[in-house]
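# Here is a sequence together with a model predicted from it:
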Amino acid sequence: MRRVRRRACYEGVQVCADNQEVVDRSELVIIAVRRQDRHEALADLRVDGDRTVVNVMAGVAGDDLRRILDTDAPVVRAIPLPSVRERRSVTATYPSHPAVDALFEYLGGVLPVADEAAFDVHSALTGTLTTHYSYLATLTSWAVGHGVAPDDADRYIRGLFRGAGRALSDETRTLRQLAADHETPNGNNERIRTTWFDPANSEALGRVLDGLLLSLR
C-alpha cells in the first residue's frame, strides 16, 4: 500500500518487484544503504558493466563496492546532502564522471575531487553538520535560562544565523574574511571567538575530525 501511495504522489515513479529489476531498468544505479548493511543488502545483485554505480555510502571505497557487486561497471562516490532536494548543496564526487557530475550539477552543484583520500576528507566534514544545529540549540537554551521565552529565543537564533548563512553565497570573500567583516575590533563577536573558540578548542575539533577520517579510511 505504501508503494502505491508513493507512486501516486510522484509523477514518473515506477515501482519494481525487487532491487535486481531496479538495476536492470536503470542507467545510473545509486547505492544508498547503510554501510554496515551493504553485504546483506547487495548479496546476489548483478550489475552489468554498461551501468554506472553511484556510491553514497560513507566509508565504503569504490574498489570495495566493486568487489561486493562483482562488476566492472564504473563506480563513482558521492556525498549528497539533504539540501540537494532544494538544489542548494554542492556534492563532492570521485572520480569525475560525466553522467554523475551532470546529475549533481543539476541538484545544486558538483565538486569533483582529486583522489579518494581527498574525498574522505570531504566525507569527514559532513560529520560536523548536526554539531552546528546543536550549537544553535545550546545558544537557545542559554537564552531561555536567562529568562527569554523559548519561542522568542528560537525565532531570534534562527533569524540571526539565517542572515549569517546568506553571506556564504558571496564566494569573493574567504570564510576568514567573512568572520572579520562581521566583527568590530574588541567587540562582542571578537570576544566570543577568541575566548571560547580558542586554539585549544580548535585543536580539539581537529582531533575529532582526524579520528573520524581514520575510521572512514
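Received, thanks. Residues are numbered from 1 along each chain as shown.

# now the helices for the chain?
Using DSSP state H, the helices of the chain run over 2-9, 19-24, 38-42, 62-69, 98-106, 116-125, 129-145, 150-166, 175-181, 188-195, 199-216.

# ok, now which ones touch the spatially most central residue of the chain?
Central residue of the chain (C-alpha atoms, centre = their mean): Leu81, 3.5 Å from the mean position. Shown in contact with Leu81 (C-beta atoms under 8 Å, 6 or more residues apart in numbering): Ser89, Thr91, Thr126, Leu129. For every residue, glycine as well, the C-beta is placed using N, CA and C.

# Neighbour-wise, give me the winner out of those.
Among the contacts of Leu81, the one with the most neighbours (other C-beta atoms under 10 Å) is Thr91, at 23 neighbours.

# looking at the sheet around it, what are its partners?
Val110 (DSSP bridges).

# For Ala43, give its distance to Asp64.
Ala43 sits 15 Å away from Asp64, going by C-beta to C-beta, to the nearest Å.

# The two: which is more packed in?
Asp64 (15 against 8).

# separation between the more buried one and Tyr94?
Here the criterion is C-beta to C-beta. By it, Asp64 lies 14 Å from Tyr94.

# so who does the residue lying closest to Thr128 once chain neighbours are set aside touch?
What sits nearest to Thr128 in space, not counting adjacent residues and going by C-beta to C-beta, 6 or more residues apart in numbering, is Leu209, at 7.6 Å. Counting by C-beta under 8 Å, 6+ apart, Leu209 touches Ala124, Leu125, Gly127, Thr128.

# What's the per-residue pLDDT of Leu209 here?
Leu209 carries a pLDDT score of 95 in this model.

# Which residues does stretch 86-103 contact?
Here stretch 86-103 makes contact (C-beta under 8 Å, 6+ apart) with 27-28, 52, 54, 62, 74, 76-84, 104, 106-116, 118-119, 122-123.

# my bad, should have said stretch 180-197
Ala164, Ala167, Arg173, Ala179.

# circling back: let me know which of the helices of the chain is the nearest to Asp48.
Minimum separation from Asp48 across the helices of the chain (C-beta to C-beta) falls at helix 19-24, 8.1 Å.
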